[in-house]
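Enquirer: no letters, just coordinates:
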């Protein structure tokens, strides 16, 4: 598995985990951002993937989902 693929997979795993672990979502989302940054650095060094856009919309989507799950767990 290439470095870029591995970094993207780790980023995705962290974001998915944040949805299911709302009390740790802040840490998992921060870790996802770290993996995203590593992927962008890797892409910048590789001409094939030089223009990898950031994913703030996806980050916001997962953050909103984590907040709703956390709100439901607090109500229960």
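Expert: Yep, it's here. If you're wondering where the values come from, they're calculated on a predicted model, not measured in any experiment.
Enquirer: only C-alpha atoms for contact and neighbour calcs from this point on.
Expert: Fine.
Enquirer: OK, contacts around the closest residue to residue 13 other than its chain neighbours?
Expert: Leaving aside its sequence neighbours, residue 13 sits nearest to residue 32 (Cα to Cα, 6 or more residues apart in numbering; 7.9 Å). Under the criterion of Cα atoms under 8 Å, 6 or more residues apart in numbering, the neighbours of residue 32 are 10-15.
Enquirer: so residue 22 is in contact with residue 65, correct?
Expert: No - Residue 22 is not in contact with residue 65 according to Cα atoms under 8 Å; the separation is 9.1 Å.
Enquirer: neighbour count winner among the two?
Expert: Legend: neighbour count by other Cα atoms under 10 Å for residue 22 and residue 65, higher for residue 22 (20 against 17).
Enquirer: what score does the more buried one have for pLDDT?
Expert: Looking at residue 22, its pLDDT reads 92.
Enquirer: does residue 38 really touch residue 7, like I thought?
Expert: Yes - under the criterion of Cα under 8 Å, residue 38 makes contact with residue 7 at 6.7 Å.
Enquirer: okay, these two: which has more neighbours?
Expert: Taking neighbours as other Cα under 10 Å, residue 38 and residue 7 compare with residue 7 leading, 21 against 17.
Enquirer: mind giving me the packing neighbours of the helix or strand harbouring the more buried one?
Expert: Assessed by DSSP states H and E, residue 7 sits inside helix 3-20. Counting contacts by 3 or more Cα pairs under 8 Å, 6 or more residues apart in numbering; DSSP states H and E, helix 3-20 packs against helix 25-45, helix 56-75.
Enquirer: hey, which of the ones you listed is tucked in deepest?
Expert: Among the helices and strands packed on helix 3-20, helix 25-45 has the highest mean neighbour count (mean count of other Cα atoms under 10 Å), at a mean of 18.
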